[in-house]
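Asks: curious how this folds, go ahead:
(chains A, B, C, D, E and F)
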Protein chains: 4
Amino acid sequence: MFTIDYKSRVPIYRQVVERVEYLAARGLLAPDSQLPSVRALAVELSINPNTIAKAYGELEAKGVIYSVPGRGSFVANNADALRRETLAQAAERLRRLAEELRSLGLDEEDFVRLSRDSWRQAAKERDQKDD
Amino acid sequence: MFTIDYKSRVPIYRQVVERVEYLAARGLLAPDSQLPSVRALAVELSINPNTIAKAYGELEAKGVIYSVPGRGSFVANNADALRRETLAQAAERLRRLAEELRSLGLDEEDFVRLSRDSWRQAAKERDQKDD
Amino acid sequence: MFTIDYKSRVPIYRQVVERVEYLAARGLLAPDSQLPSVRALAVELSINPNTIAKAYGELEAKGVIYSVPGRGSFVANNADALRRETLAQAAERLRRLAEELRSLGLDEEDFVRLSRDSWRQAAKERDQKDD
Amino acid sequence: MFTIDYKSRVPIYRQVVERVEYLAARGLLAPDSQLPSVRALAVELSINPNTIAKAYGELEAKGVIYSVPGRGSFVANNADALRRETLAQAAERLRRLAEELRSLGLDEEDFVRLSRDSWRQAAKERDQKDD
DNA sequence: GTGGTCTAGACCACT
DNA sequence: GTGGTCTAGACCACG
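Replies: This is a model prediction of the structure:
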């Protein structure tokens, strides 16, 4: 469920945050279901509990989860809001890409073609992985 | 020519690197034309010369510029290579976006439509800015 | 009679304490009437009996209830004192709010107007809930 | 500028957060002005730098300040947004108070009178302090 | 010098 | 057992 790249320059706690957001936005973590405890996840990932606590704290601040001292940490029921936000962020990233490529001389059709190709390429890579 | 966002968390030296790459890839800095000296640019941007030196060093290592001791730094003849690299990076980012959106339940046509919308949105924002 | 918000960060035992105080101050729990037994309330709220015992202990220490070993826990004859204490606390909270808003530039009439609006808003919300 | 109550049950880092919010919302900290460095403030308050870092991190997440590694932490220009939010929170607290007092048998005029009295009481306390 | 991340280990209140 | 707070001390990249 949780995979961490310890060599990445992306901080471990950020990887945890993004992983939980990813799972929650896609409904793979049911609302109000319990997350692994800070200590349990720390052991599972072989990292310090403080690092997990930091990740959970950020997730709580974002409203993705809620934590109750003495009871545990649970998934908030914000999946829809999270999904919308994820989509909005993706659109923003697409706009930035569009702007960059425009300045390289591409036009709308070039961009759309590149998008379609990229989608198919991603699908192909995924299929290979499934083998 | 050089604009720095001092509030950004992107390191200043990285901003300089990306800015030079951006200008070179688009031919806005002609091959073999001279760049501002480390000290001149440092003064212009109100930045520590070490920071500029670090940026130029990275650009030289990448082959984007070349330095002639005692004379200065010049744009290398790599516009095409840079352009190709930028395009490859954009395609990679598009593939990642495609993968993320696929897992949110979008299909190829949704993605292409979103891409086209984003292009037009970016164009519209650009027009407003020009006013 | 007892409603607990299991998602709240307010400790469950505190919620029980405040609920009993609330009911007693308003006469909804008659003096000398019997409270549910620790075990019964624990079952009703699906909570660890220790938690209820802790709440009752705090209530007894405060003089809100009294316990007769072997017979149970009863509401003390303190409704008036409780009511006065609640009012005093509310006044204190109002003074703090007044101080904060004053430093934001509001004057007495702004504050009184805001108070009146808040009262009406609360009444409106209450009506909607009743539907 | 920063006063901390080390005996309070309110966590130290929260006290720092609220203090900065307070100062920023009232314009006592000019936008883009630099805050004490994490280490400097830690020394000044005789607490661990990690605690200050936690406070600054929360303030950054809230958009009250922005931090640039290597340069320092600065006040964001969100004073207006912060002021609005503070006012909204105050209104919410007033509504809760109104609801509580209503259930104690007070009516709108009682509440407004109590508000006015509290304002004046707060003003009087403030005057005495100024002596 | 700056902030950011991480580890290790402690204590607290709560269930 | 749970999460929350705090200390101490380390290392990193950046300016």
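
Asks: give the buried residues for the longest helix belonging to chain A.
Replies: As assigned by DSSP state H, the longest helix anywhere in chain A is helix A:79-103. By neighbour count on 16 or more other CB atoms under 10 Å in any protein chain shown, the buried set for helix A:79-103 is A:79, A:82-83, A:86-87, A:90-91, A:93-95, A:97-102. (Each C-beta comes from the backbone N, C-alpha and C, glycine too.)

Asks: was I right about residue A:64 contacting residue A:81?
Replies: No - Residue A:64 is not in contact with residue A:81 according to CB atoms under 8 Å; the separation is 9.4 Å.

Asks: if I look at the closest residue to residue A:54 other than its chain neighbours, how far off is residue A:57?
Replies: With CB to CB, 6 or more residues apart in numbering or on different chains as the measure, residue A:13 is the residue that lies nearest to residue A:54, at 4.6 Å, once sequence neighbours are left out. Per CB to CB, to the nearest Å, residue A:13 is found 9 Å from residue A:57.

Asks: measure the residue located most distally from the centre of chain A to DNA strand E for me?
Replies: Outermost residue of chain A with respect to the C-alpha centroid, by CA atoms, centre = their mean, is residue A:105; its distance is 32.2 Å. In this view, residue A:105 and DNA strand E are 36 Å apart by CB to the nearest atom of the strand, to the nearest Å.

Asks: now do residue A:131, the pLDDT please.
Replies: Confidence per residue is given as pLDDT, and for residue A:131 that number is 65.

Asks: one step back: packing partners for the longest helix of chain A?
Replies: Of the remaining helices and strands, those touching helix A:79-103 by 3 or more CB pairs under 8 Å, 6 or more residues apart in numbering or on different chains; DSSP states H and E are helix A:12-25, helix A:108-130, helix B:79-103, helix B:108-130.

Asks: so what touches it?
Replies: Judged by CB atoms under 8 Å, 6 or more residues apart in numbering or on different chains, the contacts made with helix A:79-103 from elsewhere in the structure are A:21, A:24-27, A:31, A:63-64, A:110-111, A:114, B:22, B:26, B:86-87, B:90, B:93-94, B:97, B:100-101, B:104, B:114-115, B:117-119, B:121-123, B:125-126.

Asks: of those residues, grab the buried ones for ChimeraX.
Replies: Provided next is the ChimeraX selection string for whichever of the contacts of helix A:79-103 are buried by 16+ other CB under 10 Å:
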select /A:21,24,25,64,111,114 /B:22,86,87,90,93,94,97,100,101,114,115,118,119,121,122
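
Asks: which ones are touching the residue nearest to residue A:54?
Replies: So residue A:13 contacts A:51, A:52, A:54, A:55, A:58 (CB under 8 Å, 6+ apart).

Asks: for residue A:74, give me its contacts.
Replies: So residue A:74 contacts A:32, A:33, A:34, A:35, A:65, A:66, A:67, A:68, C:7 (CB under 8 Å, 6+ apart).

Asks: what residues are bridge-paired with the third one?
Replies: Under the criterion DSSP bridges, residue A:34 forms beta bridges with residue A:74.

Asks: what's the burial count for it?
Replies: Residue neighbour count, defined by other CB atoms under 10 Å in any protein chain shown, stands at 13 for residue A:34.

Asks: show me what contacts the closest residue to residue A:116 other than its chain neighbours?
Replies: With CB to CB, 6+ apart as the criterion, residue A:116 has its nearest non-adjacent residue at 5.4 Å, and that residue is residue B:112. Remark: with contacts taken as CB under 8 Å, 6+ apart, residue B:112 is in contact with A:112, A:115, A:116, A:119.

Asks: the third one contacts residue B:108, doesn't it?
Replies: Yes - counting by CB under 8 Å, residue A:116 sits close enough to residue B:108 to count as a contact (6.9 Å).

Asks: neighbour count winner among those two?
Replies: Residue environment comparison for residue A:116 versus residue B:108 gives the larger neighbour count to residue A:116, 17 against 14, counting by other CB under 10 Å.

Asks: ok, now which ones touch that one?
Replies: B:108, B:111, B:112.

Asks: quick revisit: so can I have JSON lines of the helices and strands packed on helix A:79-103 showing distance to residue B:42?
Replies: Listed next are these as JSON lines, based on distance: least, CB to CB, whole Å:
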{"stretch": "helix A:12-25", "distance to residue B:42": "33"}
{"stretch": "helix A:108-130", "distance to residue B:42": "37"}
{"stretch": "helix B:79-103", "distance to residue B:42": "24"}
{"stretch": "helix B:108-130", "distance to residue B:42": "29"}
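
Asks: among the ones you listed, single out whichever gets nearest to DNA strand F.
Replies: Nearest of these to DNA strand F, taken as CB to the nearest atom of the strand: helix A:12-25 at 12.3 Å.

Asks: and the closest one, anywhere near DNA strand E?
Replies: Yes - for helix A:12-25 and DNA strand E, the contact criterion (CB under 7 Å from any atom of the strand) is met by A:12, A:13, A:14.

Asks: between the residues you listed, which is nearest chain B?
Replies: Minimum distance to chain B across the residues of helix A:12-25 next to DNA strand E is 13.0 Å, recorded for residue A:14 (CB to the nearest CB).

Asks: report pLDDT for the closest one.
Replies: According to the prediction, residue A:14 has pLDDT 97.

Asks: quick check: it vs residue A:54, distance?
Replies: The spacing between residue A:14 and residue A:54, counted by CB to CB, is 9 Å.

Asks: and the pLDDT at the closest residue to residue A:118 other than its chain neighbours?
Replies: Across the structure, with CB to CB, 6+ apart as the measure, the residue nearest residue A:118 apart from its sequence neighbours is residue B:94 (3.6 Å). Among the per-residue scores, residue B:94 shows a pLDDT of 96.

Asks: is it true that residue A:21 touches residue A:55?
Replies: No - with contact defined as CB under 8 Å, residue A:21 does not reach residue A:55; the gap is 10.4 Å.

Asks: now for those two: what residues contact both?
Replies: The overlap between the contact sets of residue A:21 and residue A:55 (CB under 8 Å, 6+ apart) is empty.

Asks: list the contacts for residue A:53?
Replies: Shown here is residue A:53, whose contacts under the criterion CB under 8 Å, 6+ apart are residue A:38.

Asks: report pLDDT for it.
Replies: 98.

Asks: which strand or helix spans it?
Replies: Secondary structure here is read from DSSP states H and E; on that basis residue A:53 sits in helix A:49-62.

Asks: buried residues, the very next helix or strand once past that helix. List them.
Replies: Downstream of helix A:49-62, the next assigned helix or strand under DSSP H and E is strand A:65-68. Applying a neighbour-count criterion of 16+ other CB under 10 Å, the buried positions in strand A:65-68 are A:65, A:66, A:67, A:68.

Asks: quick one, domains of chain A?
Replies: A:12-77, A:80-130 (automatic domain parsing).

Asks: which of those domains has the lowest average pLDDT?
Replies: With a mean of 93, domain A:80-130 has the lowest mean pLDDT of the domains of chain A.

Asks: centre of the chain versus that domain, how much separation?
Replies: For domain A:80-130, the gap between its own C-alpha mean and the chain's C-alpha mean amounts to 17 Å (CA atoms, centre = their mean, to the nearest Å).

Asks: check stretch A:48-56 too.
Replies: Taking CA atoms, centre = their mean, the mean C-alpha location of stretch A:48-56 is offset from the chain mean by 17 Å.

Asks: check stretch A:40-51 too.
Replies: Here stretch A:40-51 is found 19 Å from its chain centre; the criterion is CA atoms, centre = their mean.

Asks: now tell me what touches it from outside.
Replies: Residues outside stretch A:40-51 that contact it (CB under 8 Å, 6+ apart) are A:2, A:4, A:12, A:13, A:16, A:35, A:36, A:38, A:39, A:52.
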